[in-house]
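Novice: Quick one: sequence plus predicted model below, questions after.
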Amino acid sequence: MANYKCFKCGKKIVSNTLDKRFVCPGCGSKIFYKPRTNVRRVKAD
């Protein structure tokens, strides 16, 4: 499952919620982005 975030209202949306209509259920916007995950940096020895 991919997680998206609405660009306009900031609501988190799961790809299952979108089904065939790529529209935010909160505000009706059609612009989404995938938030970046936190990356842990490890120092090489």
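Specialist: The structure has been received and is ready for your questions. Numbering: from 1, shown residues only.
Novice: Please save the CA atoms from stretch 16-30 in CSV.
Specialist: These are the backbone C-alpha positions of stretch 16-30, laid out as CSV (Å, rounded to 0.1, in the frame of the first residue of the first chain):
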residue,chain,number,x,y,z
ASN,A,16,-6.9,1.8,-1.2
THR,A,17,-9.1,4.9,-0.4
LEU,A,18,-8.4,6.3,-3.9
ASP,A,19,-9.6,3.3,-5.9
LYS,A,20,-10.3,4.6,-9.4
ARG,A,21,-10.8,8.3,-8.5
PHE,A,22,-7.7,10.2,-7.7
VAL,A,23,-9.4,12.9,-5.7
CYS,A,24,-8.8,13.9,-2.1
PRO,A,25,-11.9,12.9,0.0
GLY,A,26,-11.3,15.9,2.3
CYS,A,27,-11.0,18.9,-0.1
GLY,A,28,-11.4,17.5,-3.6
SER,A,29,-7.9,18.4,-4.7
LYS,A,30,-6.2,16.2,-7.4
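Novice: if I pick C9, what's in contact with it?
Specialist: C9 is in contact with C24, G26, C27, S29, counting by C-beta atoms under 8 Å, 6 or more residues apart in numbering. C-beta coordinates here come from the backbone N, C-alpha and C atoms, glycine included.
Novice: bridging residues for the closest residue to the first one other than its chain neighbours?
Specialist: In this case it means C24. Using C-beta to C-beta, 6 or more residues apart in numbering and skipping the chain neighbours, the partner closest in space to C24 is C6 (4.3 Å). In this entry, C6 is beta-bridged to F32, by DSSP bridges.
Novice: what does the model give C9 for pLDDT?
Specialist: The per-residue pLDDT reported for C9 equals 91.
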